[in-house]
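> this one's sequence-less:
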C-alpha cells in the first residue's frame, strides 16, 4: 500500500481539486508521493522546489533549501532535546535543480522532530567563503526554533534547531482592514514590556495572549494600529551580562536569528508544532476591534555579528552573498551591530520578499516598519543606490500591495534619508525631523518656529514630489528609542547608568526639559508644569498633518526613570507600570480625548472638499490672524485646518494655537464663518476646575483669547450642533 493511501487524501484537497475542475486519478497522486530512494533507513524522493523550509505533505515532510556556493548539503534530523542526530540524510545530487536542494522524507514523527543542516563547500575567508560541514546550521526558512521557549534561558543544545509547524489556523472571515495612513493612529509597543508587570492585571504576562487580554483597552484608547517591536525569533541571552547587580539581556530583540519564526517565549502556551497560534489569535482579536498589526522588522543585520560572531545560518549557507563584505572578506558595519545584510543581491532580495509575503499570507499582518531602512538602499559595495531594486520590488509586490510600508530612513553608517527615501509613492517614513523640531519648539526654543510649523502642516517640504504628501510622514515625539513622554519633561539629561556603560550609551541630543527639577519630585508646581507640557505635546501631535505614532504607556505617564536607551533592561525600567493609569487618570482621559478629537475632525487629517466659507485647507497665522509670517521670533504659532465635511453637512474648521513662551500672550481669532461661532475645545493651561478638554465646545463671544504661558488651545467653528455629532 502506498504512503499516500495510508494517510488518505484530505477532504480539503479533494474539494480544492473539484473547485479547479481537476480530477486526478489516485494512482497519479500516488506517483507524486511515492518514495523513490532510501538513504540510511529512510525513504525519500525529490521534493517541491518552490516550497522553501520544512512543510508537511501527505506521508512525509518536504525539505527545501538553497545555496549558491555549497558543494553538498546534508539534512540532520534529531529527536527532541537529543544532542546528536538520529539520522543524517545527504541530498542526492539528482535532488538538486540549479542551486536548490529539495527532498521529501517519509515516516517522520513531527512531534519528536528537530532538524538542521550541514553545508559543505570551499573555505576561503579572504573571499568571504566560510563553508564548513562541521557547523550545524539553522534553516533560514525555519518556521519555528527549538530551545527558545523559556525567556532568559540559553538554548539547551548550544545550537539552533528548527521544527516543523502545522499551518492550520482558522482565520474565518478575517480580512485586511486597509485603514488609510491619514486616518491611522499607531501605537508602538514591546510585547513583553506591555503586560509583564503585575500591575497590568493580565493572566498571561509578557505575551501575545497578554496583549489579547488588553484588546478592549486598546480599542477604548482609540488607536487604529499596534506596531510591535521585533517578534521574530531572537536570543535574548546573546549578550547577557550583569551590571549593578542586575542581569541584562537583549530585551528589545533587534538581533534576529530566524526571520520566518515568531518568538516562542512571547507565547503563553507551549505551542509545539503549532508555533504562532497565540500571535495569530491576538491579530484576529485586534482586527475584530478594527486595530491593525504592524511588525517592526530588522533586515539590515542578523545576530551572527562580524568575524568573531557565531555561525547560525547565513554565514554557513552563503556568507559572501548574504552580507556586505570588504575586499578582504571582512564585514561592513552600517548597522552598528557587526554586520550588514547585502539586501540588493538578487538572492537576498528574493529571501526578504518571501519573508514579508509569508507574514502577510500566514499571519495576516497589515504592515511593516523597517529598522534602519536606509541599508535596504545600499549597493553590494555599501554605496547608496539611486533606485534600489529591493525597495522598488517591495513597493510593487502584488502580495504586499495593500500593506503599510514604513521606513526608519537612516542607518548607523551616516546615511540620513528623511525626506529623501526612494518611496515610489508607497513608502512612508518615521519623520525624525518632526520629533526634533517639535521637541525643540515646545520646550521654548522659539527660533525653531519656522521648522515646527512645517512639521505641523504635513512636512510638505520633505514629502512632495515622489512621495505621498503628508501621508508619507509618520509623526512622533517619543518612541522606544529615547525618552518616554513623561521623561521628556522630567530630565535634562539621560540617566543610563543601569546599562553598565557609565552613561555613555544612548542619544545626547534629547531636546528635553526637566521643568526645574531633575527626576522624581513631589513638588506640585513642577508636576503641574510637566503635565501641562505633556498635554501640549499630545495636543500638537494629534493636530498635525501626517500619521501620529505614540509610544505605549505615554498615555498614562509611564516613566523609564531617565533611561533613554533601555534596550537591555528586562525589568521595571522598561515594563509598563499600569499603576500610573490610576495615578494619572486625568492625563489619561485628556490623552484619550485628544485621540477622539483627531478622529472626529477629518480636516486635520486630510484635504477635504474646499470649505464653503472659502477658507483654504491649511493656513498659518501668528497671534494676529492677518499675519501669516512665522519667523524665528514667533512665540505663537496658529494653524487653521478647514474643509467641507459631507458627513457633517457643514464646514469642518479647527484652529490650533500654541504659546511656547513663558508668559501669557493675547491672541485674536479670525472672524468665524457666517452662521458659526468659535468654540473652545482644548485648553492645556486649564481653568479653575482643572478642565483641559471640553466634550462640547465652550462658546466664545469674543475674538480675543489669552493663551496662558506654555499652553495650547484648540478651537472649532461650531454651527450650533452638539459636539458629539461633529
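It's in. Predicted model only: the values in this text are computed from it and were never measured. Numbers count the residues shown, from 1 in each chain.
> Quick one: the strands in the stretch 301-450 of the chain, in order.
367-370, 404-407, 427-430 (DSSP state E, counting those that start in this stretch).
> Now tell me what touches the first one from outside.
With contacts defined as Cβ atoms under 8 Å, 6 or more residues apart in numbering, strand 367-370 is touched by 225, 227, 292-297, 299-300, 356, 359, 376, 403-408, 430. (C-beta placed from N, C-alpha, C; glycine too.)
> Next, the contact list for the closest residue to residue 545 other than its chain neighbours, please.
Distance criterion Cβ to Cβ, 6 or more residues apart in numbering; nearest residue to residue 545, sequence neighbours excluded, is residue 458 at 3.2 Å. By Cβ under 8 Å, 6+ apart, the contact set of residue 458 is 469, 470, 473, 544, 545, 546, 618.
> what do you get for residue 598?
Counting by Cβ under 8 Å, 6+ apart, residue 598 touches 185, 542, 543, 548, 604, 605.
> hmm, try it at 10 Å
Listed by Cβ atoms under 10 Å, 6 or more residues apart in numbering, the contact set of residue 598 reads 183, 185, 222, 538-539, 541-544, 548, 604-605, 654.
> And those residues, which of them are buried?
185, 222, 538, 539, 541, 542, 543, 544, 548, 604, 605, 654 (16 or more other Cβ atoms under 10 Å).
> Tell me which two of the residues you listed sit farthest apart.
Maximum pairwise distance among the buried ones among the contacts of residue 598 (Cβ to Cβ): 17.3 Å, between 222 and 654.
> State the helix or strand in which the residue minimising distance to the centre of the chain lies.
By Cα atoms, centre = their mean, the chain has its centre lying nearest to residue 296, at 2.8 Å. If you go by DSSP states H and E, residue 296 is part of strand 292-297.
> helices or strands up against that strand?
Applying 3 or more Cβ pairs under 10 Å, 6 or more residues apart in numbering; DSSP states H and E, we find strand 292-297 packed against strand 186-189, strand 225-228, strand 232-234, strand 256-262, helix 277-288, helix 346-363, strand 367-370, strand 404-407.
> Adding distance to residue 382 as columns, could you present those in a markdown table?
As requested, those are exported to a markdown table (distance: least, Cβ to Cβ, whole Å):
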| stretch | distance to residue 382 |
| --- | --- |
| strand 186-189 | 29 |
| strand 225-228 | 29 |
| strand 232-234 | 24 |
| strand 256-262 | 21 |
| helix 277-288 | 35 |
| helix 346-363 | 14 |
| strand 367-370 | 18 |
| strand 404-407 | 18 |
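> Let's have these in a markdown table, adding mean neighbour count, distance to residue 524 and mean pLDDT.
Converted to a markdown table, the helices and strands packed on strand 292-297 look like this (neighbours: other Cβ atoms under 10 Å; distance: least, Cβ to Cβ, whole Å; pLDDT from 0 to 100):
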| stretch | mean neighbour count | distance to residue 524 | mean pLDDT |
| --- | --- | --- | --- |
| strand 186-189 | 24 | 30 | 98 |
| strand 225-228 | 25 | 35 | 98 |
| strand 232-234 | 25 | 44 | 96 |
| strand 256-262 | 25 | 46 | 97 |
| helix 277-288 | 20 | 39 | 98 |
| helix 346-363 | 18 | 48 | 98 |
| strand 367-370 | 24 | 39 | 98 |
| strand 404-407 | 24 | 40 | 98 |
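> returning to what we had before: beta partners of the residue nearest to the centre of the chain?
Beta bridges link residue 296 to residue 369 when assigned by DSSP bridges.
> That one against residue 188, yeah?
Yes - using Cβ atoms under 10 Å, residue 296 makes contact with residue 188 at a distance of 7.9 Å.
> So for these two, which residues contact both of them?
227, 228, 229, 369, 480.
> From those, pick the one nearest residue 134.
residue 229 (35.3 Å).
> so who does the closest one touch?
Residues counted as contacts of residue 229 (Cβ under 10 Å, 6+ apart) are 188-194, 251-254, 295-296, 298, 369, 371, 479-481, 552.
> hang on, the earlier thing: the residue nearest to the centre of the chain and residue 533, how far apart?
Using Cβ to Cβ, to the nearest Å, we find residue 296 at a distance of 28 Å from residue 533.
> Also residue 408?
26 Å.
> Then residue 349?
45 Å.
> what's the answer for residue 319, then?
For residue 319, the distance to residue 533 equals 50 Å [Cβ to Cβ].
> Show me the strands in the stretch 451-600 of the chain, by range?
Using DSSP E, counting those that start in this stretch, strands in the stretch 451-600 of the chain cover 473-476, 547-551.
> Turn the strands of the stretch 301-450 of the chain into a markdown table, including distance to residue 136.
Shown next, in a markdown table, are the strands of the stretch 301-450 of the chain (distance: least, Cβ to Cβ, whole Å):
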| stretch | distance to residue 136 |
| --- | --- |
| strand 367-370 | 30 |
| strand 404-407 | 35 |
| strand 427-430 | 38 |
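> Those strands: which one's closest to residue 120?
When those are compared by Cβ to Cβ, strand 367-370 sits nearest residue 120, at 34.1 Å.
> one step back: format the contacts of residue 598 as JSON lines; extra columns: pLDDT.
Shown next, in JSON lines, are the contacts of residue 598 (pLDDT from 0 to 100):
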{"residue": "183", "pLDDT": "98"}
{"residue": "185", "pLDDT": "98"}
{"residue": "222", "pLDDT": "98"}
{"residue": "538", "pLDDT": "98"}
{"residue": "539", "pLDDT": "98"}
{"residue": "541", "pLDDT": "98"}
{"residue": "542", "pLDDT": "98"}
{"residue": "543", "pLDDT": "98"}
{"residue": "544", "pLDDT": "98"}
{"residue": "548", "pLDDT": "98"}
{"residue": "604", "pLDDT": "98"}
{"residue": "605", "pLDDT": "97"}
{"residue": "654", "pLDDT": "98"}
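> Which two among those are spaced furthest apart?
183 and 539 (18.9 Å).
> what sits against residue 222?
Residues in contact with residue 222, defined by Cβ under 10 Å, 6+ apart, are 185, 187, 291, 555, 591-599.
> Quick check: the gap between the nearest residue to residue 70 once chain neighbours are set aside and residue 251.
Leaving out its chain neighbours, the residue that sits closest to residue 70 by Cβ to Cβ, 6+ apart is residue 121, at 4.5 Å. Distance, residue 121 to residue 251, by Cβ to Cβ: 36 Å.
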